[in-house]
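Colleague: One predicted model, sequence on top.
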Amino acid sequence: MSHAQSGSNRARRKKILKLAKGYRGRAKSCITVAREKVEKGLRYAYRDRRAKKRTFRSLWIQRINAGAREHDMVYSQFMSGLIKAGVEIDRKILSDLAIHEPAIFKALVEQSKAALAKKAA
């Protein structure tokens, strides 16, 4: 009985130490320290997977704004015009177009301006 139990304990410890590979000092070899460090690392990983999404969305918005301002428009007006024009392109793609396909982005800006002018009239 105790032999089977110690086997699972060993496996559990090995799993923690495997996750702690690359850590410094006792964090990679001492099970109690390693467990704390691994748990904290996993918490950071979970949190930062979500933070990464926010960071990228912010970056895309900055790029779209920069592209829109080159054509005498601000981000909020540009996005509002696209919605009114019925253009459904997400911010990631718009950001990419602003950088790599300026002609296509300019056409979208013109479409946005036209939709805003149409609604205002």
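Modeller: Perfect, I can see it now.
Colleague: Low-confidence ranges, the protein, go.
Modeller: Applying pLDDT under 70 to the chain flags residues 1-7.
Colleague: show me the contacts for the residue nearest to the spatial centre of the chain.
Modeller: The centre of the chain sits closest to K53, judged by CA atoms, centre = their mean, with a distance of 2.4 Å. Taking CB atoms under 8 Å, 6 or more residues apart in numbering, we find K53 in contact with no residue. Yep, even glycine has a C-beta here, placed from its N, CA and C like the rest.
Colleague: cool, and Y23?
Modeller: By CB under 8 Å, 6+ apart, the contact set of Y23 is A34, K37.
Colleague: Where does it fall, secondary structure wise?
Modeller: Under the criterion DSSP states H and E, no helix or strand holds Y23.
Colleague: Distance check, it against R35.
Modeller: 11 Å (CB to CB, to the nearest Å).
Colleague: Which parts of this protein are strands?
Modeller: Shown for the chain, no strands are assigned by DSSP state E.
Colleague: how about the helices in it?
Modeller: 2-19, 31-69, 75-85, 91-100, 102-120 (DSSP state H).
Colleague: picking that back up, let me know the distance separating the residue nearest to the centre of the chain from I99.
Modeller: Using CB to CB, we find K53 at a distance of 20 Å from I99.
Colleague: Kindly report the same for V38.
Modeller: 39 Å.
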